[in-house]
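Peer 1: for reference, the sequence and a predicted model appear below.
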Amino acid sequence: MWAGLAGSTSQPLRELAGNPVYTVLVPQRKIEAVLAARAVELGVEIRRGHAVTGFTQKDDSVVVSIDGSADLEARYLVGADGGKSLVRKAAGIGFPGFTNDRTVSRTAHVTVPSSWRDPATGGLAVPGYGVIPPFLHHRHERGLIAFAPFPDGRTLLSVNTFDLPEGAEPFDLADLRAAFAHVVGVEIPIGRRPATGRTCCAGSAAGRPGWPSTTGPDGSSWSVTPRTCTRRSAGPGSTWACRTR
């Protein structure tokens, strides 16, 4: 893990003794409960089951129209209602960025030669390119790489391409290699993880908290949000290709 100092310098925190910086996975319901309790302590009134239908701005306040309830007037209105925010659209606030259907995500659990593993970081050591850090989104002008070597031995490789269309033929590891080479310019010698049966898990049972997902019989997994995913080969050791909506 690295931390930026003064906006210009990075330091490897893993080298510090007693490093207190780490990740803790907490269910969303517990986070919401803690935040709700703190909000009540601060005098906030929480109204569940109410939907904002519109609002009118005045010089010193905002009148909010609420479905099934009387209007509510407040000094300010904060739109924290998601990517399709009604508040943002009604207020005419811009939404920086872009959406397209050209991004394709190719993901599979694979085997990677030990010579391609960086002993210092656990990342992917790509000859002639450099180290792709583990468990991070490594961005490139032609796409994005995610490399996740899990403690139980599974290794996930995901490649998002911005300008490499999904092929008509069933997706396999050759397509994943080609997509990786398209992004970083180097072909990776990956292999298929041995299949363990014909049973798969979905949703929370797949062990991917936070994103709806499926785990195949070879341990391969894929997320379905916010992408549309297609099974590209059948049987044990299946691979998947996903395209953004």
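Peer 2: Noted; the coordinates are in hand. Residues are numbered from 1 along each chain as shown.
Peer 1: every contact and neighbour count from this point should use C-alpha atoms.
Peer 2: Noted.
Peer 1: C-alpha coordinates for stretch 123-141, PDB please?
Peer 2: These are the backbone C-alpha positions of stretch 123-141, laid out as PDB (Å, rounded to 0.1, in the frame of the first residue of the first chain):
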ATOM      1  CA  GLY A 123       2.000  -8.000  -8.400                       C
ATOM      2  CA  LEU A 124       2.400  -9.000 -12.000                       C
ATOM      3  CA  ALA A 125       5.900  -8.400 -13.300                       C
ATOM      4  CA  VAL A 126       5.500  -7.800 -17.000                       C
ATOM      5  CA  PRO A 127       8.900  -8.000 -19.000                       C
ATOM      6  CA  GLY A 128       9.600  -4.800 -20.800                       C
ATOM      7  CA  TYR A 129       6.600  -3.000 -19.200                       C
ATOM      8  CA  GLY A 130       6.900  -3.000 -15.400                       C
ATOM      9  CA  VAL A 131       5.000  -4.200 -12.400                       C
ATOM     10  CA  ILE A 132       1.200  -4.200 -12.300                       C
ATOM     11  CA  PRO A 133       0.300  -3.800  -8.600                       C
ATOM     12  CA  PRO A 134      -2.100  -6.400  -7.200                       C
ATOM     13  CA  PHE A 135      -5.700  -5.700  -6.200                       C
ATOM     14  CA  LEU A 136      -5.700  -2.300  -8.000                       C
ATOM     15  CA  HIS A 137      -7.100  -0.900 -11.200                       C
ATOM     16  CA  HIS A 138      -4.100  -0.400 -13.400                       C
ATOM     17  CA  ARG A 139      -5.100   2.200 -16.000                       C
ATOM     18  CA  HIS A 140      -3.700   2.500 -19.500                       C
ATOM     19  CA  GLU A 141      -4.800   4.600 -22.500                       C
END
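Peer 1: in it, what counts as buried?
Peer 2: For stretch 123-141, burial by neighbour count (16 or more other Cα atoms under 10 Å) applies to 123-126, 131-134.
Peer 1: contacting residues for residue 80?
Peer 2: Neighbouring residues of residue 80 by Cα atoms under 8 Å, 6 or more residues apart in numbering: there are none.
Peer 1: which SS class is it?
Peer 2: Recorded secondary structure, residue 80: coil (DSSP: H, G, I helix; E, B strand; the rest coil).
Peer 1: ok, it to residue 179 distance?
Peer 2: Going from residue 80 to residue 179 by Cα to Cα, to the nearest Å gives 36 Å.
Peer 1: so residue 61 sits against residue 55, correct?
Peer 2: No: when contacts are counted by Cα atoms under 8 Å, residue 61 is not listed as touching residue 55 (10.5 Å).
Peer 1: more neighbours: which of those two?
Peer 2: Neighbour count, other Cα atoms under 10 Å: between residue 61 and residue 55, residue 55 has more, with 18 against 13.
Peer 1: domain assignment for this structure?
Peer 2: Domain ranges of the chain: 1-46, 49-95, 104-244, per automatic domain parsing.
Peer 1: which residues sit against the longest helix anywhere in the chain?
Peer 2: Longest helix of the chain, by residue count under DSSP state H: helix 28-41. Outside helix 28-41, the residues that touch it by Cα under 8 Å, 6+ apart are 45-46.
Peer 1: which other helices and strands does the helix or strand just after that helix contact?
Peer 2: Where DSSP states H and E defines the elements, the next helix or strand beyond helix 28-41 is strand 52-57. Packing contacts for strand 52-57, counted by 3 or more Cα pairs under 8 Å, 6 or more residues apart in numbering; DSSP states H and E, involve strand 62-66, helix 86-91.
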